[in-house]
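Enquirer: pasting the sequence and the predicted model now:
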Amino acid sequence: MRFALTSAAKDLRRLRRDPFALLIWLGIPILSLLLMNAVFGSGGATPRGLLLVADEEGNLASKLLTGAFQQGPLANMVVVENVDRQEGRARLERGDGSALLIIPKGLWQALADGRPYQLQLLTNPAQRILPGIIEETLSITLEAAFYLQLAAGDQLRALRGGQPSDQAIAELSVAMNRLGKEAGDFLDPLRMELETHTIEERAVAGGSFAALFLPGMLMWAVMFLTAGQSGDLWKEKAQGALGRAVTAPCRLEAYFAGKLLAVAAVLFGVAIGALLCARWLLRMPAVNLLPAALWVTLTGSALYLLMALVSLYAASERGANLLTNLVLFPLVLAGGSFFPLEIMPASLAAVGRLTPNGWATGQLKTILAGAMEPERLAVAVLGVTLAGALAFALALRRLRRFAR
Amino acid sequence: MIEVAELRKTFGELTAVDGVSFTARAGEIFGLLGPNGAGKTTTISCLSGLVAPSAGRVTVMGHDVVRQGRAARAALGVVPQEIALYEDLSAEENLAYWGGAQGLRGAQLKRAAAEALELTGLMDRAREPVKRFSGGMKRRLNFACGILHRPKVLLLDEPTVGVDPQSRVRLLDLVREQARGGACVLYTTHYMEEAQSLCDRLAVMDHGRIIAQGTLPQLRALLGERDLLRLTGVFPPQEARAALEGLDGIEVLQAEASLLLVAMPDASHRLPGVFSALAAAGGQVRDVTLSQPSLESLFLKLTGKELRE
């Protein structure tokens, strides 16, 4: 154990003499966070979408339909702009707009006659969230129209033909009033109630894009660090230090454990540094910084052992670099370390959660949100420790042959 | 002390060490001399535990290096051929680390490191990063890291490769000091002069085998009291060999179109006879070198090739 500490101190001294590498490792998450924050702001920017409407009907019915997007909180998220069909298509193809709604002639007629009618909604494939909101809102509005047609079909039929007369409007008003009274037992008070719970603020790691990106970015830095440090075994072999260690009476286990301890110490420093920066500079309302840093240290150490194992099976130092990069980059991209899983397509995100870094990032977010149950955390820690111990044993076994 | 009996090491099809046996005693410098690829480093690697022998038995201070590896390694000091140091660390930090690897701690480690620095003349550069050292200084520090725990057995694998003459003399003095202090030193080299001046006993290796061993006088005796004559020029090899072998007491060690190597007693007085015989065989001599029996000539006699080839 004493030589493990000596070995760790040696590696930490060597790392200290190479501050450029340390700066890069620490700089990746912090710089990326600052950039994200500069681009998206720290207060949680509200997305705004543009709905292009080609209203070929141009009457009360079509205005009621598009009016749904200008009510309540949706009005702050979606801007409605009237265009003609060709212009709308051209703008959407250029990516200028979240969606194009085409309302062909015959809406009112179809509502009155109870005939099928087709609206067209074209969405921008480059956007995911806002077109989804528009589609959902439109579908709710059409459902409301369907029930209106069932309840007041006769009155609507009386209005067909475009601009209704004052008499027709008055008749419709009376009918609607009657309908309201008949439905009153159900509507006032409503027989169905919607119970709404607002999730406490602590359950969300932060309202900003930076907070969304932080855990993944941190894991990204961890993966770079561990891949870089796994290559140190090759450096030590090339300079003969590993061979000399094998000929000394110290145990190879202690030598390797020392390397692991040094990596763990750097990981902890990077994690706590990045989390404190996020808290102070970005006002990220994260809790549990120490458990989060310890989690990053534990999972990062296990990742280091995995990278070391991969590196030790390579035929040369160059091959080891190539091999670790072949493992690193797909994991970074798929595991939500570059793009958060939250903004990935569901199927890809599901795969990402199965990657070691994707899973670790998910747990980190839960820890930062203060929502991790102690039992679940204990199981996760035990799992990572066991996986790490297995990787340590396998890497050590390989290291004995590798040193020779 | 070191005892090696019928050591054999193979790497797949390649036999790097083939039935090597020798014994080295305390206070003695035992040399392994041979060209590159002769099997010297593999032999040292088997002794140090870096490589497991395929067959045979190796003991260090009575401990089997395979079955009692840790005990054997505790008695060993190894100075590898490559400069096995951390270039980012200072000389002091390197010594502290390698001393720790040898089991030294605290005040004992500090004292040993200071002594090693003093001995190798690096005390005034102790806190400088090794990357700023010259090649010779790195070699000396490499040596210091191998001896700071005062090993009973010291393995030195070509420790003077690439070292300037001044540093070489200093390093060789350091090796002699270790032997005088009672350590058993095993020294590999392909420098004949180094082996002749340093080693008490020698084993000459080629193709993984020991082809001769003993003290320097014993090895010289294998050649007899014969001089070595090296002739360059233009020769018909077969005819030249036949012509020279017709003379009394001459042994042709090597016969090529431009080079003849000949062992013969009293060569300086018999040169006219050699020239006449070669001229009669159609040869033309351009240059002649005459030397006393040496390890070089012994190696030539035993293997039919020069040590530096």
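Expert: Great, that's in hand.
Enquirer: middle-most residue in the chain, spatially?
Expert: Going with chain A. A:Glu342 (2.4 Å; CA atoms, centre = their mean).
Enquirer: think we crossed wires, I meant chain B
Expert: Of the residues in chain B (compared using CA atoms, centre = their mean), B:Thr189 is nearest the centre, at 2.2 Å.
Enquirer: look up phi and psi at it.
Expert: Backbone torsions for B:Thr189, taken as degrees, to the nearest 10, come to phi -160, psi 160.
Enquirer: any idea how far B:Val169 is from it?
Expert: From B:Thr189 across to B:Val169, the span is 14 Å (CB to CB, to the nearest Å). From N, CA and C alone the C-beta is placed, and that goes for glycine too.
Enquirer: count of residues packed around B:Tyr191?
Expert: 16 (other CB atoms under 10 Å in any protein chain shown).
Enquirer: residues contacting it?
Expert: With CB atoms under 8 Å, 6 or more residues apart in numbering or on different chains as the criterion, the residues that contact B:Tyr191 are B:Thr160.
Enquirer: distance of it relative to B:Leu33?
Expert: B:Tyr191 sits at a distance of 8 Å from B:Leu33 (criterion: CB to CB).
Enquirer: phi, psi for the closest residue to chain A within the stretch 1-150 of chain B please.
Expert: Using CB to the nearest CB, the closest approach of the stretch 1-150 of chain B to chain A is made by B:Ala84 at 3.3 Å. The main-chain torsion angles of B:Ala84 are listed as degrees, to the nearest 10 and equal phi -90, psi 70.
Enquirer: now it: closest residue in space, sequence neighbours ignored.
Expert: A:Gly240 (3.3 Å; CB to CB, 6 or more residues apart in numbering or on different chains).
Enquirer: same check, this time on B:Gly19
Expert: Here the nearest residue to B:Gly19 in space, its sequence neighbours aside, is B:Glu6; by CB to CB, 6+ apart that works out to 5.3 Å.
Enquirer: residues in contact with that neighbour?
Expert: With contacts taken as CB under 8 Å, 6+ apart, B:Glu6 has the following neighbours: B:19-21, B:55-57.
Enquirer: partners of the helix or strand containing it in the sheet?
Expert: B:Glu6 belongs to strand B:2-11 when assigned by DSSP states H and E. For strand B:2-11, the pairing partners within the sheet under DSSP bridges are strand B:14-24 (antiparallel), strand B:55-60 (antiparallel).
Enquirer: just the CA trace of that strand, in CSV.
Expert: Only the C-alpha atoms of strand B:2-11 are listed here, as CSV (Å, rounded to 0.1, in the frame of the first residue of the first chain):
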residue,chain,number,x,y,z
ILE,B,2,24.5,-15.9,-9.0
GLU,B,3,24.1,-19.5,-10.2
VAL,B,4,22.8,-20.2,-13.7
ALA,B,5,22.4,-23.8,-14.8
GLU,B,6,21.3,-24.9,-18.3
LEU,B,7,19.3,-21.7,-18.8
ARG,B,8,17.1,-21.8,-21.9
LYS,B,9,14.8,-19.2,-23.2
THR,B,10,12.7,-19.4,-26.4
PHE,B,11,10.4,-16.9,-28.0
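Enquirer: off-centre distance for the host helix or strand of B:Arg73?
Expert: Secondary-structure assignment from DSSP H and E places B:Arg73 in helix B:69-74. Relative to its parent chain, helix B:69-74 has a centroid offset of 24 Å by CA atoms, centre = their mean, to the nearest Å.
Enquirer: circling back to that earlier point, next one, pLDDT for the residue nearest to B:Gly19 please.
Expert: Model confidence at B:Glu6, expressed as pLDDT, equals 94.
Enquirer: have a look at the chain and report the helix or strand with the lowest mean pLDDT.
Expert: Unless you meant another one, I'm taking chain A. In chain A, the helix or strand scored least confidently by mean pLDDT, DSSP states H and E is helix A:184-187, which has a mean of 57.
Enquirer: sorry, I should have been clearer: chain B.
Expert: For chain B, the helix or strand with the lowest mean confidence is helix B:295-303, at a mean of 76 (criterion: mean pLDDT, DSSP H and E).
Enquirer: and it, what other elements does it pack with?
Expert: If you count contacts as 3 or more CB pairs under 8 Å, 6 or more residues apart in numbering or on different chains; DSSP states H and E, helix B:295-303 packs onto helix B:192-198, strand B:201-206, strand B:209-215, helix B:216-223, strand B:227-234, strand B:251-255, strand B:259-264.
Enquirer: pick out the shakiest of the ones you listed, pLDDT-wise.
Expert: Among the helices and strands packed on helix B:295-303, helix B:216-223 scores lowest, at a mean of 79.
Enquirer: check whether the helix holding B:Arg73 contacts chain A.
Expert: Yes - for helix B:69-74 and chain A, the contact criterion (CB under 8 Å from any CB of the partner chain) is met by B:70, B:73-74.
Enquirer: in which helix or strand does B:Arg286 reside?
Expert: Per DSSP H and E: B:Arg286 is located in strand B:284-291.
Enquirer: and that strand, which strands flank it?
Expert: According to DSSP bridges, strand B:284-291 has the following sheet partners: strand B:227-234 (antiparallel).
Enquirer: and the strand it pairs with, what's buried?
Expert: Across strand B:227-234, burial judged by 16 or more other CB atoms under 10 Å in any protein chain shown covers B:227-231, B:233.
Enquirer: can you name the element that comes right after it?
Expert: Stepping forward along the backbone from strand B:227-234, the first helix or strand reached (DSSP H and E) is helix B:237-245.
Enquirer: average pLDDT across that following helix?
Expert: Computed over helix B:237-245, the average pLDDT equals 91.
Enquirer: isn't B:Val66 right up against B:Gly56?
Expert: No - with contacts defined as CB atoms under 8 Å, B:Val66 does not count as touching B:Gly56, sitting 10.0 Å away.
Enquirer: assign a three-state SS to B:Ile83, would you?
Expert: coil (DSSP: H, G, I helix; E, B strand; the rest coil).
Enquirer: name the residues that touch stretch A:79-91?
Expert: Contacts for stretch A:79-91 (CB under 8 Å, 6+ apart): A:48-56, A:66, A:69-70, A:97, A:100, A:102, A:122.
Enquirer: centre of the chain to the longest strand along chain A, how far?
Expert: The strand spanning the most residues in chain A, taking DSSP state E as the definition, is strand A:49-55. Here strand A:49-55 is found 28 Å from its chain centre; the criterion is CA atoms, centre = their mean.
Enquirer: ok, stretch A:315-334 next?
Expert: For stretch A:315-334, the separation from the chain centroid amounts to 25 Å (computed by CA atoms, centre = their mean).
Enquirer: helices or strands up against the helix or strand following the helix holding B:Arg73?
Expert: Sequence-wise, the next helix or strand downstream of helix B:69-74 (DSSP H and E) is strand B:76-79. With contacts taken as 3+ CB pairs under 8 Å, 6+ apart, strand B:76-79 sits against helix A:241-247, helix B:40-48, helix B:135-147, strand B:153-157.
Enquirer: stretch A:8-24 near chain B anywhere?
Expert: Yes - applying CB under 8 Å from any CB, one finds stretch A:8-24 in contact with chain B at A:10, A:13-14, A:17-18.
Enquirer: so which of those belong to helices?
Expert: By the criterion of DSSP state H, membership of the residues of stretch A:8-24 next to chain B in helices covers A:10, A:13-14.
Enquirer: can you add neighbour count and give the residues you listed back as a markdown table?
Expert: Conversion of those to a markdown table gives the following (neighbours: other CB atoms under 10 Å in any protein chain shown):
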| residue | neighbour count |
| --- | --- |
| A:Lys10 | 25 |
| A:Arg13 | 17 |
| A:Arg14 | 19 |
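Enquirer: name the residues of the stretch 301-404 of chain A found near chain B, please.
Expert: Contacts of the stretch 301-404 of chain A with chain B, taken as CB under 8 Å from any CB, map to A:403-404.
Enquirer: in the stretch 301-404 of chain A, what residue is nearest chain B?
Expert: In the stretch 301-404 of chain A, the residue that lies nearest chain B is A:Arg404 (5.6 Å; CB to the nearest CB).
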